[in-house]
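Enquirer: have a look at this prediction, sequence included:
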Amino acid sequence: MRTNIVIDDDLMKEAMTLSLLKTKKDVVETSLKLLVQIKKQERLKNLRGKLKWDDKESSALISLISF
């Protein structure tokens, strides 16, 4: 998807330096993937102590959590 966004120049420069990524596109895509990964981990973390774990139900539980 093509889109135009305004990004803080200093933030982009720092992200490119720290990540060693060569293009702004790579930085944005990597950042979005990281954000999605972190949010999925947060959802799983929020389930801690709320689920009854049963090996028989493992496959059903895994299908409910979309990775």
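Expert: Cool, the structure landed.
Enquirer: residues of stretch 27-47 that come out buried?
Expert: Buried positions in stretch 27-47, judged by neighbour count with 16 or more other CB atoms under 10 Å: V27, V28. C-beta coordinates here come from the backbone N, C-alpha and C atoms, glycine included.
Enquirer: I meant stretch 14-22, not that one.
Expert: A15, L21.
Enquirer: which residues sit against it?
Expert: Outside stretch 14-22, the residues that touch it by CB atoms under 8 Å, 6 or more residues apart in numbering are K24, D26, V27, T30, S31.
Enquirer: distance of M12 relative to R48?
Expert: Distance, M12 to R48, by CB to CB, to the nearest Å: 35 Å.
Enquirer: and these two? which has more neighbours close in?
Expert: When M12 and R48 are compared for neighbours, M12 comes out ahead with 14 against 7, by other CB atoms under 10 Å.
Enquirer: could you look up the SS state of that one?
Expert: Here M12 is helix, with the state taken from DSSP: H, G, I helix; E, B strand; the rest coil.
Enquirer: list the contacts for the closest residue to it other than its chain neighbours?
Expert: Spatial nearest neighbour of M12, chain neighbours left out: K24 (6.0 Å); criterion: CB to CB, 6 or more residues apart in numbering. Taking CB under 8 Å, 6+ apart, we find K24 in contact with I7, M12, M16.
Enquirer: all helices of this structure, in order?
Expert: Assigned helices in the chain, in chain order: 9-19, 24-46, 58-64 (criterion: DSSP state H).
Enquirer: gap between the first one and the chain center?
Expert: Distance of helix 9-19 from its chain centroid, counting by CA atoms, centre = their mean, to the nearest Å, is 19 Å.
Enquirer: can you list the weak-confidence ranges in the chain?
Expert: Counting by pLDDT under 70, the low-confidence segments of the chain come to 53-67.
Enquirer: out of the helices of the chain, which is closest to M1?
Expert: Proximity to M1, assessed across the helices of the chain by CB to CB, is greatest for helix 24-46 (11.2 Å).
Enquirer: let's have the helices of the chain in a markdown table, adding distance to M1.
Expert: Formatted as a markdown table, the helices of the chain follow (distance: least, CB to CB, whole Å):
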| stretch | distance to M1 |
| --- | --- |
| helix 9-19 | 19 |
| helix 24-46 | 11 |
| helix 58-64 | 28 |
